[in-house]
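Test case, fold it:
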Amino acid sequence: MSTRARILEVAAELVAESPDGDVSTRAVCEAAQVGAPALYRHFGDKEGLLSAVVDHGFDAYLATKRERGESTDPVEDLRHGWDSHVDFALRNPNLYRLMNSPAMRTPPASALESHRILTRDLERAAERGRLLVAPELAAQMIMSANVGVALMLVARPATFSDPTASRRVRDAVHAAVLTPAAADGDSVDTTAPSAAVPSTAATLSALLRQSHGAGLSTAEAALMTEWLDRVSNTQGAPEPKLRA
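Down below sits the predicted model:
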């Protein structure tokens, strides 16, 4: 085993065993039987080490998502993605808290990949006319809610003890970004006036991206995408207030 791998393995074990999920570089060096210069040579600083620990631990979770691939139903993939995210947090509480700690100034690569996978599932949903808002906004809404629920379940299990809480929040958030029929897993219905325009705009925007501009110039495609995303994101947004 290489020196870097040994340091990483030891650090991951110490994080998992720590009461608060934090470790010192001194403790890691002592347990790995290496000097501080070796740790800093491989990881730069403590933040670099902890970021590598998060990526190392979260990579196993992402591997299952990569191997599973995409199903024919992007909405079902979204549900599964939410549930597997929460399951990972419950099985790795210290690692998950570390991953979402304010001390991690640079997002770990694993967190960025998880967000990309979510956004891709939402783009597929939009291409099928099943999204009410632009994929980027929907990804922000879902990820923030998913992480919030998982953190509460990990940090305050006595308070957040209802086993159905995660599913209920999941379904509520999905209902806010998916067409009503899609949220229920049935055929799509965008006939409601309040949903038809935003949903159609989200679909056109996704198809425009997929077709790489559909004959438009780069500037025209960028402008059209901006307009469509703005229309798709207007549903439920507060009306602008006019000054007297």
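
any idea of the mean pLDDT in stretch 151-160?
Mean pLDDT, taken over the full extent of stretch 151-160, equals 93.

Show me what counts as buried in that stretch.
Residues of stretch 151-160 classed as buried: 151-154 (neighbour count, 16 or more other C-beta atoms under 10 Å). Yep, even glycine has a C-beta here, placed from its N, CA and C like the rest.

repeat for stretch 118-130
For stretch 118-130, the buried set under the neighbour-count rule, 16+ other C-beta under 10 Å, comprises 118-119, 121-130.

a markdown table for those, including secondary structure and distance to Lys65?
Below are the buried residues of stretch 118-130 laid out as a markdown table (DSSP: H, G, I helix; E, B strand; the rest coil; distance: C-beta to C-beta, whole Å):
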| residue | secondary structure | distance to Lys65 |
| --- | --- | --- |
| Leu118 | helix | 10 |
| Thr119 | helix | 13 |
| Asp121 | helix | 10 |
| Leu122 | helix | 15 |
| Glu123 | helix | 16 |
| Arg124 | helix | 14 |
| Ala125 | helix | 16 |
| Ala126 | helix | 20 |
| Glu127 | helix | 20 |
| Arg128 | coil | 20 |
| Gly129 | coil | 25 |
| Arg130 | coil | 20 |
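
okay, those residues in JSON lines with distance to Ala206 and pLDDT next?
As requested, the buried residues of stretch 118-130 are exported to JSON lines (distance: C-beta to C-beta, whole Å; pLDDT from 0 to 100):
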{"residue": "Leu118", "distance to Ala206": "14", "pLDDT": "93"}
{"residue": "Thr119", "distance to Ala206": "11", "pLDDT": "94"}
{"residue": "Asp121", "distance to Ala206": "12", "pLDDT": "94"}
{"residue": "Leu122", "distance to Ala206": "9", "pLDDT": "95"}
{"residue": "Glu123", "distance to Ala206": "5", "pLDDT": "92"}
{"residue": "Arg124", "distance to Ala206": "8", "pLDDT": "93"}
{"residue": "Ala125", "distance to Ala206": "8", "pLDDT": "93"}
{"residue": "Ala126", "distance to Ala206": "4", "pLDDT": "90"}
{"residue": "Glu127", "distance to Ala206": "5", "pLDDT": "89"}
{"residue": "Arg128", "distance to Ala206": "9", "pLDDT": "89"}
{"residue": "Gly129", "distance to Ala206": "9", "pLDDT": "87"}
{"residue": "Arg130", "distance to Ala206": "10", "pLDDT": "90"}
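
Serialize those residues to CSV and add fields for distance to Leu137.
Output for the buried residues of stretch 118-130, formatted as CSV (distance: C-beta to C-beta, whole Å):
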residue, distance to Leu137
Leu118, 12
Thr119, 10
Asp121, 14
Leu122, 9
Glu123, 12
Arg124, 16
Ala125, 13
Ala126, 11
Glu127, 16
Arg128, 18
Gly129, 17
Arg130, 15
